[in-house]
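K.L.:
Build the 3D model from these lines:
(chains A, B, C and D)
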Number of protein chains: 2
Amino acid sequence: MLSLDEKIAGEIVMAEKPGSAMKKWRLVFKASQRDVARAMGVSPSMISDYESGRRRSPGAQFIRRFVGALLIIDEERGGEIRKRYSMVQSDAIISIGEFSEPVPGEKFLSIIGGRDISGVAPKREIFGYTIIDSIKAIVSLDPNDYLQIYGWSTERALIFTGVKYGRSPMIAVRTHMLKPAMVVYHRPQSVDNLAIKLARIEGIPLVVTDLSLDMLKKSLEDMRIK
Amino acid sequence: MLSLDEKIAGEIVMAEKPGSAMKKWRLVFKASQRDVARAMGVSPSMISDYESGRRRSPGAQFIRRFVGALLIIDEERGGEIRKRYSMVQSDAIISIGEFSEPVPGEKFLSIIGGRDISGVAPKREIFGYTIIDSIKAIVSLDPNDYLQIYGWSTERALIFTGVKYGRSPMIAVRTHMLKPAMVVYHRPQSVDNLAIKLARIEGIPLVVTDLSLDMLKKSLEDMRIK
DNA sequence: TACTAAAAGCGACAATTGTCGAGTATGATG
DNA sequence: CATCATACTCGACAATTGTCGCTTTTAGTA
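P.N.:
From the prediction side, this is the model:
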């Protein structure tokens, strides 16, 4: 998932001049060199050394503390900047994660205790998952959230909870540009024939699982990058 | 902008054990320690040293080369992984970037050779910009692109090219939740009164520039983090 | 089991960072 | 213009990284 601290850290590392990127972010957070130094527990000259280029390649540990310091300073001031730079997280997304290694569709099926009802062979490998609250998704999912659903790879399983007939989720997938590797319904009340038809047309396996939501979340989290 | 290299770098830096994160990504890219070492131009034992924890805090430079090596290896093999993990980039977005430091609205105006036509004082600082092709935006901008337009901060200037009357862009801004710090029309054919009215209601400065697109892109790119 | 590729370990040494503090420059403000 | 806060410069030294090549395990397989 894209978190602000990783974003800042990544930008610092990949910048030609890490010091410049550090300066940029320090200014974004409206903090003085001293503020940051104090929050990091180091002398202000270190910050200056990097920003000026005397030191050029800060270590991972240093960067981590630097980013942490910015976020702490901001939090003490009410978290203004963090809020501004953080994406709105919709509560329609229950859980999201990327796996530490690709999981074959078949194996994924057995892990979530699912059974295919579409007859489409799960031939794509799965790199991550998103659990979505169908009801809230309809009510509150604004356009900004779509990208979040897809996390870092479209090669993922979309798992819908609170499904009544199972039509809406498949229609959403159908009209949507990005195609998941698998669609899972969690304890649906029923599954409409139209959903199955759409799954076949799209070539996306449609799967039903009866595992409890907690179990489901737990097994999926165990496979995540740690 | 969310790019894969920054994402990986950020994850490595922020991990409790950078070495484990490095290992994870190396495996995602299905490369051996030796592959990576060769692509980086260092001895394989260095990779081992980090993955095993003998060295714990790799420098920014090292991480950059490491990430670069993974991407190069992948590219030689056809770019499978990169494609899988990269988001689709809409061609409605011509250019997008974040500045190395906040730019006062007034200064930004002079840089892009713009003049205000709304009478709204540009009091917010500007952290980045997005150049959007109005025509393509209308035709092809699907919900997924909205987040991309806003990059990493809403404190940015949205620059629209190919503007005919200037109504649509402001209407989009009006109905959209996220508010840019400034809206710029690039060589509009004309500017409707409604656009100006909306700008005033929203309190967002509406600006026109006649700089060539190339010049515009160049000046903006010069201000980016390097 | 013997062979091979991949990974882990380790000793050694130069280069760089991590760290401080003191002194200097710059800039805003009373 | 005197003052305070912020930022920049720099010397110094210990700790760690950056780097190699060689050896030992480990794991997969002929």
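K.L.:
Please identify which helix or strand holds the residue in chain A that chain B sits nearest to.
P.N.:
Nearest residue of chain A to chain B, counting by CB to the nearest CB: residue A:10, 2.9 Å away. Where C-beta positions appear, they are placed from N, C-alpha and C, glycine not excepted. Residue A:10 is part of helix A:4-14 when elements are defined by DSSP states H and E.
K.L.:
Report the distance from the longest strand along chain A to the chain centre.
P.N.:
In chain A, taking DSSP state E as the definition, the longest strand is strand A:93-103. Strand A:93-103 sits 8 Å away from the centroid of its parent chain (CA atoms, centre = their mean, to the nearest Å).
K.L.:
what comes up buried for that strand?
P.N.:
Neighbour-count burial for strand A:93-103, counted by 16 or more other CB atoms under 10 Å in any protein chain shown, picks out A:93, A:94, A:96, A:97, A:98, A:99, A:100, A:102, A:103.
K.L.:
Using pLDDT, spot the least trustworthy of those residues.
P.N.:
Lowest pLDDT within the buried residues of strand A:93-103 is found at residue A:100 (67).
K.L.:
care to break chain A down by domain?
P.N.:
A:4-85, A:93-222 (automatic domain parsing).
K.L.:
Residue A:45: neighbour count?
P.N.:
12 (other CB atoms under 10 Å in any protein chain shown).
K.L.:
swap that for residue A:211, please
P.N.:
16.
K.L.:
Same check on residue A:76?
P.N.:
Using other CB under 10 Å, residue A:76 has 10 other residues around it.
K.L.:
Need the per-residue pLDDT for it.
P.N.:
87.
K.L.:
what's the distance between it and residue A:35?
P.N.:
Note on residue A:76: its distance to residue A:35, by CB to CB, to the nearest Å, is 10 Å.
K.L.:
quick one: common contacting residues for the two?
P.N.:
When contacts are counted by CB atoms under 8 Å, 6 or more residues apart in numbering or on different chains, residue A:76 and residue A:35 have no shared neighbour.
K.L.:
Quick one: name the residues of chain A near DNA strand C.
P.N.:
A:41-43, A:45-46, A:49, A:55-59, A:61-62 (CB under 7 Å from any atom of the strand).
K.L.:
Quick check: pLDDT value at the closest residue to residue A:6 other than its chain neighbours.
P.N.:
Spatial nearest neighbour of residue A:6, chain neighbours left out: residue B:10 (3.4 Å); criterion: CB to CB, 6 or more residues apart in numbering or on different chains. Per-residue confidence (pLDDT) for residue B:10: 91.
K.L.:
need the contact list for residue B:10.
P.N.:
A:5, A:6, A:7, A:8, A:9, A:10, A:11, A:13.
K.L.:
tally of neighbours for the fourth one?
P.N.:
Translated: residue A:8. Applying other CB under 10 Å, I find that residue A:8 has 27 neighbouring residues.
K.L.:
what does the average pLDDT come to for whatever helix or strand residue A:136 lives in?
P.N.:
In the assignment (DSSP H and E), residue A:136 maps to helix A:134-140. Taken as a whole, helix A:134-140 has a mean pLDDT of 67.
K.L.:
swap in stretch A:214-223?
P.N.:
87.
K.L.:
now it, how far from the centre of its chain.
P.N.:
Worked out by CA atoms, centre = their mean, stretch A:214-223 lies 16 Å from the chain centre.
K.L.:
neighbouring contacts of that stretch?
P.N.:
By CB under 8 Å, 6+ apart, the list of residues contacting stretch A:214-223 from outside reads A:94-95, A:97, A:99-100, A:103, A:111-112, A:129, A:131, A:159, A:186, A:209, A:211.
K.L.:
Enumerate the positions of that stretch that are buried.
P.N.:
A:216, A:217, A:220, A:223.
K.L.:
how deep is the residue nearest to residue A:104 when sequence neighbours are not counted tucked in, by neighbour count?
P.N.:
Spatially, and ignoring its direct neighbours in sequence, residue A:104 is nearest to residue A:125 (5.8 Å; CB to CB, 6+ apart). When neighbours are counted by other CB under 10 Å, residue A:125 registers 16.
K.L.:
Repeat that for residue A:77.
P.N.:
With other CB under 10 Å as criterion, residue A:77 counts 13.
K.L.:
Could you do residue A:201 as well?
P.N.:
Other residues within reach of residue A:201, judged by other CB under 10 Å, total 11.
K.L.:
Quick check: which element contains it?
P.N.:
With DSSP H and E as the criterion, residue A:201 is inside helix A:193-202.
K.L.:
for the record, mean pLDDT for that helix?
P.N.:
Helix A:193-202 carries an average pLDDT of 90.
K.L.:
swap in stretch A:108-121?
P.N.:
Mean per-residue pLDDT for stretch A:108-121: 93.
K.L.:
what packs against the one helix or strand residue A:39 maps to?
P.N.:
Using DSSP H and E, residue A:39 sits in helix A:33-40. Under the contact definition 3 or more CB pairs under 8 Å, 6 or more residues apart in numbering or on different chains; DSSP states H and E, helix A:33-40 sits against helix A:44-52, helix A:60-76.
K.L.:
Give me the contacts around the shortest one.
P.N.:
Helix A:44-52 is contacted from outside by A:18-20, A:22-23, A:26, A:33-34, A:36-37, A:40, A:54-56, A:58, using CB under 8 Å, 6+ apart.
K.L.:
hmm, which two among these are most spread apart?
P.N.:
Within those, two members stand farthest from each other by CB to CB: A:34 and A:56, at 22.0 Å.
K.L.:
Count the residues that sit near residue A:123.
P.N.:
By other CB under 10 Å, 11 other residues sit near residue A:123.
K.L.:
Ramachandran angles for it?
P.N.:
Backbone torsions of residue A:123, given as degrees, to the nearest 10, read phi -90, psi -20.
K.L.:
residues contacting it?
P.N.:
residue A:105.
K.L.:
swap the cut-off to 10 Å and go again
P.N.:
Applying CB atoms under 10 Å, 6 or more residues apart in numbering or on different chains, we find residue A:123 in contact with A:104, A:105, A:106, A:181, A:203, A:205.
K.L.:
Present those as JSON lines; the columns should include neighbour count.
P.N.:
What follows is the contacts of residue A:123, written out as JSON lines (neighbours: other CB atoms under 10 Å in any protein chain shown):
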{"residue": "A:104", "neighbour count": "13"}
{"residue": "A:105", "neighbour count": "19"}
{"residue": "A:106", "neighbour count": "12"}
{"residue": "A:181", "neighbour count": "23"}
{"residue": "A:203", "neighbour count": "12"}
{"residue": "A:205", "neighbour count": "26"}
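K.L.:
Now narrow those residues to whatever sits close to DNA strand D.
P.N.:
Among the contacts of residue A:123, no residue lies close to DNA strand D (CB under 7 Å from any atom of the strand).
K.L.:
For residue B:172, state which of those residues is nearest.
P.N.:
Closest approach between the contacts of residue A:123 and residue B:172, by CB to CB: residue A:181, at 32.2 Å.
K.L.:
Which residue is the nearest non-sequential neighbour of the closest one?
P.N.:
residue A:124 (4.0 Å).
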